[in-house]
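Novice: fold the stuff below for me.
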Amino acid sequence: MTRAPAIILAKPQLGENIGAAARAMANFGLSDLRLVAPRDGWPNKKATAMAADGKAVLETARIFETLGDALADLQFVLATTARDRGITKEVLTPAEGARRLRISGAKCGILFGNERAGLDNEEISLTSAVVTIPTADFHSLNLGQAVLLMAYEWFRAGDETPASRIDHGPLATPASNEELQRLFAHFEEELLASGFLYPPDKAVQTVQYLRAMLHRAELTSQDVQTLRGVIVALAKGKHRRRVKDT
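Specialist: Here you go, the predicted structure:
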């Protein structure tokens with residue numbers, strides 16, 4: 001069973017960052033937000049304004065006085081930090097951390113430090129492993145950005161969206177096999193009449209290649225109708241009246 005991780009913000013300072021974190025959580029299906037001793041108190045108007053459609057996450061957020069209380073019911077927790085704290089902990093990439101969250105089956109969470117100093121050694125010692133986000137020379141990420149990245153990696157680890165697709169728009173429908181067969185027959189008939197399918201011993205191979213090419217295009221019904229109109233126009237010599245140059 002896959003359980004969505006809790007997002008724990010340890011001593012967050014700015015309401016705007018809490019709101020950004022809630023917005024990121026809502027984007028990727030996370031709802032358990034835990035705040036440990038937020039500096040400016042709670043609720044926070046700036047957090048609500050920044051959260052936009054993630055306000056529901058803020059409305060159910062829980063406030064804790066200590067980190068130990070916030071983590072008490074969790075069995076597997078990842079700490080996010082860019083600093084070498086000198087503690088012997090396994091360090092994971094965001095993708096690997098997300099994979100382990102997915103497969104753990106445990107009640108889990110992702111811990112983020114405050115904007116000024118991040119997590120200290122005592123806080124990290126309460127977690128199972130560390131996640132470090134690879135960056136270029138500048139290592140500091142905004143708190144909301146860090147939550148967004150980890151929430152995205154967790155979502156992506158279980159997402160089955162195809163890596164590539166052709167988007168024909170909401171009104172287009174894929175061509176049926178019958179429509180494609182009629183297009184093939186029409187196309188091949190005119191190619192034969194024009195002498196394109198020559199010599200005869202190459203005709204079958206050429207037809208198969210053309211069919212495969214049209215299949216790869218993932219034509220819609222409208223595409224098929226348009227192509228058949230083009231074939232008719234070319235075969236019968238139809239053309240629009242040219243507009244004279246001025």
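Novice: ranges for the helices of this structure?
Specialist: Using DSSP state H, the helices found in the chain span residues 15-27, 45-51, 55-59, 67-71, 94-104, 121-124, 143-157, 177-194, 200-216, 221-236.
Novice: highest mean neighbour count out of those?
Specialist: Per-residue neighbour counts averaged over each of the helices of the chain give the maximum for helix 15-27, namely a mean of 24 (mean count of other CB atoms under 10 Å). Any C-beta I mention is one placed from the backbone N, CA and C, and that applies to glycine too.
Novice: which residues does the residue nearest to residue 188 when sequence neighbours are not counted contact?
Specialist: Spatially, and ignoring its direct neighbours in sequence, residue 188 is nearest to residue 207 (5.6 Å; CB to CB, 6 or more residues apart in numbering). By CB atoms under 8 Å, 6 or more residues apart in numbering, the residues touching residue 207 are 184, 188, 197.
Novice: looking at those, spot the one nearest residue 227.
Specialist: The shortest separation between residue 227 and any of the contacts of residue 207 is 10.6 Å, and it belongs to residue 184 (by CB to CB).
Novice: was I right about the closest one contacting residue 211?
Specialist: Yes. With contacts counted by CB atoms under 8 Å, residue 184 reaches residue 211, the gap being 5.6 Å.
Novice: leaving out the residues flanking it, which one is nearest to the spatially most central residue of the chain?
Specialist: Ranked by distance to the mean C-alpha position of the chain (CA atoms, centre = their mean), the top residue is residue 156 at 5.9 Å. The spatially closest residue to residue 156, leaving aside those adjacent along the chain, is residue 98, at 7.0 Å (CB to CB, 6+ apart).
Novice: separation between the spatially closest residue to residue 157 that is not a sequence neighbour and residue 108?
Specialist: Closest residue to residue 157 in three dimensions, ignoring its sequence neighbours and counting by CB to CB, 6+ apart: residue 98, at 4.3 Å. The spacing between residue 98 and residue 108, counted by CB to CB, to the nearest Å, is 11 Å.
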